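Build me a structure from this.
(3 chains)
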Amino acid sequence: MASALQTRAPAPPGNPDPVIDMTGISITFPGVKALDGVDFRMFPGEVHSLMGENGAGKSTLIKALTGVYSIDAGTIAMQGRQVTFSGPAQAQAAGIATVYQEVNLLGNLTVAENVMLGREPHRLGGINWRATRRRAKEILQRLHLDIDPNSLLNSHSLAVQQLVAIARALDVDASVLILDEPTSSLDAEEVAELFRVIRDLADAGVAILFVSHFLDQVYEISDRLTVLRNGRLVGEYLTDELLRIDLVQAMIGKELSTLEDLENRKRSSEAGGASSVPAFLSAHGIARKGAVAPIDLTIAPGEVVGLAGLLGSGRTEIARLLGGIDHCDAGTIQVNGKPLKLRTPRQAIAHRIAYSSENRRSEGIVDELSVRDNIILALQADRGWFRPIPKRRQDELAQSYIDTLSIRTPDADALVRNLSGGNQQKVLLARWLAIAPRLLILDEPTRGIDVGAKAEIQKLVVSLAENGMSVLFISAELEEVLRLSHRIIVLRDRRMVADLPNENLDLDALLALIAEGSEADEQAGVTS
Amino acid sequence: MSGFFTRALSNRLFWPVVMLVALLVVNAVAVPGFFSITINADGHLFGSLIDILRNGAPTLIIAVGMTLVIATRGIDLSVGAICAIAGAVACSIILDSPDPGGLWTVTVAVATALALSLVLGLWNGFLVAVLGIQPIIATLVLMTAGRGIAMLITEGQILTVESAPFKFLGSGFIVGIPVAVIIGAVLFSLAALLTRRTALGLLIESVGINPEASRQAGVRARGLLFTVYGFCALAAGIAGLILTANQTAADANNTGLFIELDAILAVVIGGTSLNGGRYSLVGTLVGALVIQTLVTTVYTVGIPPIATMVFKAAVVTAVCLLQSPTTNAAFARWRDKLAAGRRVPAEAVAK
Amino acid sequence: MTAVVLVRSPLRRATDAVVDVFTSPKSGPVMVTAVLFIAMYLAAGSLYKGFFSGQVFLNLLIDNAYLVVLAVGMTFVILTGGIDLSVGSVVALSTMIAATLLRDGWSPLVVIPLILVATSLLGLAVGLMIHVFKVQPFIASLAAMFLARGLCYIISNTSITIDQPFFVAMATLRIPLGGRLSITPSVIVAILVVVIAVWVLQYTRFGRTTYAIGGGEQSGMLMGLPVARTKVLVYVISGFCSGVAGVLFSFYTLSGYPLTTIGTELDAIAAVVIGGTLLTGGYGFVLGSVLGVLVLGVIQTIITFQGTLSSWWTKIFIGALLLVFIILQKVLTSRRT
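Numbers count the residues shown, from 1 in each chain, chains lettered A, B, ... in the order given. Got it, this is the predicted structure:
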């Protein structure tokens, strides 16, 4: 089926030989064919984006190229010579440098070591620390990162850590640089900076593999696109010649009408979110040192409130306060008009407030448990040890959520670990829906999941609100916030700068609010 | 048939059970009548299998508690020391009382010993749950200090007691079955019922797999940790009393020496990972039986008992290597190759 | 991140720097240990007459030379996030091998290398079990512990005296340090081991990879570090150090005894933990572990000087101290995050 659609774009002018040429790559995991006869090539001096839904096989293909996984079939050629890497060390030695999706550095070591580890200059048989630090400093300065190379990596923010990871990759004399979701924790300025560095490298002849969920960034930076779906190659295209709508269709393989449908439904239900109803939750002056400056906030039943702001603006921090994950230093919270002291997630849940974390893997799912156990977990914890949910009720609950959220799993007994990111997110949603929340706090529920699942989750948010649930919605994608929210709270530098009904707002106005007072060029990159 | 074999192989109880059966077969060959159980003049069951059950009971009792602790990502190194303390407390109370043979004296002694064990367990729980100290270090404190405390109680002496009701705990019989075995069976069933009939088991596993996700889902890990460490120490106290009663003496240095290692071993042989999460009490039962049968085998086969430790090392190594993912993968490849080998000639015939 | 940057006085900067050193997860615990060691030493010195004599301090080293070597090996293992329970039994096994072979007339030139090779191979076996077969370090080293202890009993279940001249010489030889102070050759060996270990951890790729594994094995692997080799090698080092410690211990006791050094692995672990190495790996220093051994030694010495305390107080005291250090480290390191 896929092969019928397959296309291959022409080679760049001058017909250079590809630096990487993978043909017929297949990898099978227990029960899953992760890659099925995939071809992939990269040309020197080009930025090549690898596109696909979650579970399409992007990460697997990268890991096949870098020797983390061994391939079951197919060949990999580098500069015309066939290669097999038995591990990342070999791939790195051959000139393939990789920055992985999660920051894979060592927080217990210094910044300098993280940049240089494995290739420190030596003197008298030992590591020359002074030269190591000097070299690290030089590389960091190429990224305009002015931090003490002797500081512990742990003491820096995630964004800085991400840049350190890229700095590490830059130091390798690489002919191929792989960047797997490098921008997911960077702000606009940092993204612009990164793109400048990527351009420089490409001009110097490095082939760059770029993976991102942000379509704007993909279109801004890449020359060539390869699209995967369900472990198969859909096609290779030149970015300039592929319309966005065609790209999205190639990725998800279905029509986008659901999104437009959603648009109409939200507008028709807008009246439902009117603030004439008494607030379900109202917070006055809640604050936490180093996280959020005092803020007032109310949410009515049936209302979707969006939190918009850059990373680190305080959006997640506010959500964590309301979810009882962290506790406030100051301020009061009222639920249904009664004051409430929120100190633990447990108390929040008892008042039917659910917080769905942005860190799906580390704070959300319990990966070694089954889909069923994950779905009933919060409900069971709320009922206590000695009132177990009867087995039959568990099965009903699990099955009903598997059906309504169309969770793709063999059955309710399957381990959540074996599901794709989007389906894990749905399991997490099901866990919270199972406690019948009055307020659902969704922190980046659509990050890192495929377009199809994204649309389904957005649709769900709208229909939950229609049924009277309050939703606090956080997303780095402003279009999404605009599309779903009745009201938008704009945050900047851990402060609330605006609380507006979503009536005449558009992306530019929102961007202006977020960027107001800071450098104007910040706007350029945020459009993602 | 091959489907059954595949399923059996992938079951984590497969190798422990094979090991147990193999050990029993060795015994059966070496000792005629190994499996015979007779009833002696007092109406007590009697035989090698009964011995294995009776001698293995203390390890099993502790291993049950240890399983739950390990499932929460923890470990309890202090159980051996708690055995010694429980024995020391009970014996010193019995010795100090005017009526060492009295039922009431023994009841008070046992109750005090168990209460103290529970307190020590809650102390471990406090260090782990409230202060957030890694379990291995938190319980190392009591493991190091515990035998010192037991010696403080016995004042460095071996306390020998003459008390029939106390002795009954270690070597008595009820309806022909050794008391130690009955205690072990009751504790095992209680733990199984308590964790699987309530939501305790699910919540313990959840906390063991992902503590932060569990907290955000509203699971009260603190209470769970107090419960499992308290239960484990209580089990250790019970085992300590059985051991002490069996010897009719409290020896602060040697009561329950290395039993923490045997108990952890039983849990691991039974297929529960030291990384926490999914646990199997039945696996632990098999593990405890493997260890005790091994000790018995060494005796019955006529190997000098001093070599027992070498055999224990061999069994640990064997079971761990057999359960290892590396070995399983090798087995899977071997099976595939075997299946492929069988298919090729079949196709050749078809042509 | 405060908006207003204050111009700080030099004094304020200095105190900030000190606070930083004490609250960093890297250096904090070991600094606390150092301060408490000095405090204990001074307190004991003011309480007991003769405690401050230089030889009392040197005796700390002489009596604990073998433990220093053990703690060094254990530090490598714990830095990777592993643990080695076998060291006590391996020391006992080493003394048994030395005693029997020397009794049978073997030359120390053969016996000592043989012991070191044997214990390193045992370490290699543990390392391979952990790395290749993914057995937890706790269990793999437990198997080695059983094996080594069992082999001791098989060699002999009674004590064997060593009267070989070289060993006796090593036991009795004192190296004068001027004044009336002296040390034993064992102390020199221990110091040598420490110096080499410090260099290896700080200045070699192997050493840095040891820290990297403790910080995140997966990350280290993706960064192209030789994780597999290093992970196995730390157990070989621990085995080797146990062998060296065993030889030093047989110099010290001039006998092989199957029941000796039971629970010494706990002392080594306690020393490493008190010395500021995190049991989860990634943070710690060899010199911290040496400090940890000295702290344990001071406790022993204090109890000897006190004279009225029974021997079991040592255990209770070490346990209590372990607790104090653990809690202190916890408080200091968790304030950061």
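
which residues does residue 74 contact?
You didn't say which chain, so I picked chain A. Contacts here follow CB atoms under 8 Å, 6 or more residues apart in numbering or on different chains; on that basis residue A:74 touches A:22, A:23, A:24, A:25, A:26, A:37, A:38. Any C-beta I mention is one placed from the backbone N, CA and C, and that applies to glycine too.

switch to chain C, that's the one I care about
Applying CB under 8 Å, 6+ apart to residue C:74 gives the contacts C:84, C:87, C:238, C:241, C:265, C:268, C:269, C:271, C:272, C:289.

per-residue pLDDT, it?
As predicted, residue C:74 sits at a pLDDT of 97.

can you check residue B:85 too?
Per-residue pLDDT puts residue B:85 at 97.

Does it touch residue B:118 like I think?
No. Using CB atoms under 8 Å, residue B:85 makes no contact with residue B:118, being 11.7 Å away.

who's more crowded, those two?
residue B:85 (32 against 17; other CB atoms under 10 Å in any protein chain shown).

ok so, going back, with respect to residue B:102, which of the contacts of residue A:74 is nearest?
Nearest to residue B:102 out of the contacts of residue A:74 is residue A:26 (CB to CB; 77.6 Å).

and that closest one, what does it touch?
Contact partners of residue A:26, counting by CB under 8 Å, 6+ apart, are A:33, A:35, A:36, A:37, A:38, A:71, A:72, A:73, A:74.

so the closest residue to residue A:417 other than its chain neighbours is in which element?
Ranked by CB to CB, 6 or more residues apart in numbering or on different chains and with sequence neighbours excluded, the top spatial neighbour of residue A:417 is residue A:367, at 3.9 Å. Per DSSP states H and E: residue A:367 is located in neither a helix nor a strand.

how near is residue A:367 to residue A:79?
According to CB to CB, to the nearest Å, residue A:367 and residue A:79 sit 39 Å apart.

Then residue A:478?
From residue A:478 to residue A:79 the distance is 42 Å (CB to CB).

Residue C:196 sits in which helix or strand?
In the assignment (DSSP H and E), residue C:196 maps to helix C:185-203.

Correction: the previous question concerned residue B:214.
Using DSSP H and E, residue B:214 falls in helix B:211-216.

What are the buried residues along that helix?
Neighbour-count burial for helix B:211-216 flags B:211, B:213, B:214, B:215, B:216 (criterion: 16 or more other CB atoms under 10 Å in any protein chain shown).

any chance of those residues in TSV, with pLDDT and distance to residue A:62 too?
Below are the buried residues of helix B:211-216 laid out as TSV (pLDDT from 0 to 100; distance: CB to CB, whole Å):
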residue	pLDDT	distance to residue A:62
B:211	92	30
B:213	95	27
B:214	95	32
B:215	94	33
B:216	95	31
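
Export those residues to a markdown table and append columns for distance to residue A:325.
Listed next are the buried residues of helix B:211-216 as a markdown table, based on distance: CB to CB, whole Å:
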| residue | distance to residue A:325 |
| --- | --- |
| B:211 | 13 |
| B:213 | 11 |
| B:214 | 13 |
| B:215 | 8 |
| B:216 | 6 |
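
Could I get the CA-only coordinates of stretch B:267-280 as CSV?
Only the C-alpha atoms of stretch B:267-280 are listed here, as CSV (Å, rounded to 0.1, in the frame of the first residue of the first chain):
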residue,chain,number,x,y,z
VAL,B,267,12.6,-13.4,46.8
VAL,B,268,15.0,-13.1,43.9
ILE,B,269,14.9,-16.8,43.0
GLY,B,270,11.1,-16.4,43.1
GLY,B,271,11.3,-13.9,40.2
THR,B,272,10.7,-10.6,42.0
SER,B,273,13.1,-8.0,40.7
LEU,B,274,15.2,-6.0,43.2
ASN,B,275,14.2,-3.0,41.1
GLY,B,276,10.7,-3.1,42.6
GLY,B,277,7.4,-3.4,40.9
ARG,B,278,5.7,-6.6,40.0
TYR,B,279,6.1,-9.2,42.8
SER,B,280,5.1,-12.9,43.3
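
The helix holding residue B:214 vs chain C: in contact?
No. Shown here: helix B:211-216 not in contact with chain C (CB under 8 Å from any CB of the partner chain), separated by at least 13.3 Å.

ok, and does that helix reach over to chain A?
Yes. Against chain A, helix B:211-216 shows contacts by CB under 8 Å from any CB at B:212, B:213, B:214, B:215, B:216.

same for the next helix or strand after that helix, what does it pack against?
Using DSSP H and E, the helix or strand that follows helix B:211-216 in sequence is helix B:221-247. When contacts are defined as 3 or more CB pairs under 8 Å, 6 or more residues apart in numbering or on different chains; DSSP states H and E, helix B:221-247 sits against helix B:48-71, helix B:79-96, helix B:103-125, helix B:164-171, helix B:179-196, helix B:200-209, helix B:211-216.

hey, which of those helices is tucked in deepest?
Mean neighbour counts were taken over the helices and strands packed on helix B:221-247 using mean count of other CB atoms under 10 Å in any protein chain shown, and the top value, a mean of 28, falls to helix B:79-96.

Report the distance from that one to the chain centre.
Helix B:79-96 sits 20 Å away from the centroid of its parent chain (CA atoms, centre = their mean, to the nearest Å).

which helices and strands sit right next to that helix?
Against helix B:79-96 (3+ CB pairs under 8 Å, 6+ apart) you get helix B:48-71, helix B:103-125, helix B:135-154, strand B:159-160, helix B:221-247, strand B:249-250, helix B:259-269.

which among the contacts of residue A:26 end up buried?
A:35, A:36, A:37, A:38, A:71, A:74.

Closest one of the residues you listed to residue C:117?
Nearest member of these to residue C:117, counting by CB to CB, is residue A:71, at 40.6 Å.

Chain A against chain C: which residues are in contact?
So far as CB under 8 Å from any CB goes, chain A lies against chain C at A:68, A:87-89, A:92-93, A:98, A:100, A:104-109, A:113, A:117-118, A:120, A:125-127, A:152, A:154, A:168.

that older thread, name the residues that touch the helix holding residue C:196?
Contacts of helix C:185-203 (CB under 8 Å, 6+ apart): A:125-127, C:58, C:61-62, C:65-66, C:68-69, C:72, C:75-76, C:79, C:170, C:173, C:175, C:206-208, C:210-211, C:241, C:244, C:248, C:251-252, C:285-287, C:290.

residues near the residue in the stretch 151-300 of chain C that chain A sits nearest to, how many?
In the stretch 151-300 of chain C, the residue found nearest to chain A is residue C:203; the distance is 3.1 Å by CB to the nearest CB. Residue C:203 has 19 neighbouring residues, counting by other CB under 10 Å.

Please apply the same query to residue A:126.
The burial count for residue A:126: 15, using other CB under 10 Å.

Also residue A:14?
7.

Look at it and tell me its secondary structure.
With DSSP: H, G, I helix; E, B strand; the rest coil as the basis, residue A:14 sits in coil.

so what's residue A:73 up against?
Contacts of residue A:73 (CB under 8 Å, 6+ apart): A:24, A:25, A:26, A:37.

now swap in residue B:263 and tell me
Taking CB under 8 Å, 6+ apart as the criterion, residue B:263 is in contact with B:59, B:62, B:63, B:65, B:66, B:79, B:288.

how about a cut-off of 6 Å?
Contacts of residue B:263 were listed using CB atoms under 6 Å, 6 or more residues apart in numbering or on different chains, and they are B:59, B:62, B:63, B:66.

go on, residue A:401?
A:375, A:430.

Low-confidence stretches in the chain?
Defaulting to chain A. Within chain A, the segments meeting pLDDT under 70 span A:1-6, A:30-32, A:53-55, A:101-103, A:172, A:184-185, A:252-276, A:310-312, A:448, A:515-528.

Actually, chain C is the one I wanted.
Using pLDDT under 70, chain C drops low at C:1-8, C:25, C:329, C:332-337.

Please report how far the residue in chain A that chain C sits nearest to lies from residue C:205.
Closest to chain C within chain A is residue A:126: 3.1 Å, counting by CB to the nearest CB. The gap separating residue A:126 from residue C:205 is 10 Å, by CB to CB.

I'm done for today, thanks for sticking with me.
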